[in-house]
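# Below are the sequence and a predicted model for it; my questions follow.
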Amino acid sequence: MYKQTTSPQLSVAKLWNNFRAGDENAYTCLMRNFAGPLFKYGMRFVSNSDFIKDCIQDVFFELWNRRERINHTESVKSYLFKALRLRIFREQSNWKYAEPLNDNYEFLIEFDIETSLIEVESSQEIKSKLENILNNLPRRQKEILYLRFYEGMDQDRIAQVMGLNRQSVYNLLHEAINGLRKHWFKEASILLLLLLK
């Protein structure tokens, strides 16, 4: 059985290398570690849980079948997120509401109080306002914010997942943060009043 080392990154890298060598236990551990985050990410694109579960299952099935041909990766997480993203768009005809393969996909962000930037016990009203601000941003900007702040990916990893170059990621992240600031200032007085209640 695999024990957690002091460095989770080393542990995942070891699991990945062992999986590539055909270790079924390592493969199972990778599925357990990443199924949850992959599901949360996938559900941002299309709210059909069965479809997303099928896509994740397909990703892992394909990984196992191609394990001997898969290269080393610096980030297993971004590799898997990219694989899922590609699978979702490849299977787009199965979406509940089919949309053209471009920037018109949905990408919803829900504000998770437990991992929030605000560590006070805040009201449902504040949560709703923050969700509203985030979800008024363009889809790619929302996705980049999600990968950066919810999944902790750096710009290189985000570029890998989304199939963009690093400069495009930087520009979109900068625009997203500016967009948040702009909307935040509009709502700031209301939010401040709510916080001070």
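Perfect, thanks for sending it. Numbers count the residues shown, from 1 in each chain.

# How about the residue nearest the centre of the chain, nearest residue that isn't a chain neighbour?
For the chain, the residue sitting closest to the mean C-alpha position, by CA atoms, centre = their mean, is residue 41 at 4.1 Å. Nearest non-adjacent residue to residue 41, counting by CB to CB, 6 or more residues apart in numbering: residue 81, 5.9 Å away. Every C-beta, even on glycine, is put in place using the N, C-alpha and C of the backbone.

# my guess is that neighbour contacts residue 146, does it?
No: at 10.3 Å, residue 81 and residue 146 do not qualify as touching, with contact defined as CB atoms under 8 Å.

# what sits up against the host helix or strand of the residue nearest to residue 41?
Element membership for residue 81 (DSSP states H and E) is helix 76-90. Contact with helix 76-90 is made by 12-13, 15-16, 30, 34, 37-38, 41-42, 45-46, 52, 55-56, 58-59, 62-63, 73, 101, 105, 147, 151, 153, 157-158, 160-163, as judged by CB atoms under 8 Å, 6 or more residues apart in numbering.

# ok, back up a step: what's the burial count for the residue nearest to residue 41?
Neighbours of residue 81 under the rule other CB atoms under 10 Å: 25.

# before we move on, what about residue 62?
13.

# Excluding covalently adjacent residues, which one is nearest to it?
Closest to residue 62 by CB to CB, 6+ apart is residue 83, at 7.7 Å.

# distance of that neighbour from residue 66?
10 Å (CB to CB, to the nearest Å).

# Please say which of those two ends up with more neighbours.
residue 83 (19 against 10).

# if we can go back for a sec, need the overlap of contacts for residue 81 and residue 146.
In contact with both residue 81 and residue 146: residue 41, using CB under 8 Å, 6+ apart.

# Okay, now the unreliable bits of the protein?
1-10, 94-127, 184-197 (pLDDT under 70).

# Please work out how many residues are found near the nearest residue to residue 163 once chain neighbours are set aside.
Nearest residue to residue 163, sequence neighbours excluded (CB to CB, 6+ apart): residue 82, at 7.4 Å. Residue 82 has 20 neighbouring residues, counting by other CB under 10 Å.

# Please report how far residue 82 lies from residue 153.
Residue 82 is 11 Å from residue 153, where distance means CB to CB.

# again, but for residue 51
24 Å.

# Number of residues surrounding residue 175?
Residue 175 has 15 neighbours, counted by other CB under 10 Å.

# Now name the helix or strand holding it.
Per DSSP H and E: helix 166-196 holds residue 175.

# still on that earlier bit, the residue nearest to the centre of the chain and residue 151 touch, don't they?
Yes: with contact defined as CB under 8 Å, residue 41 reaches residue 151; the gap is 7.2 Å.
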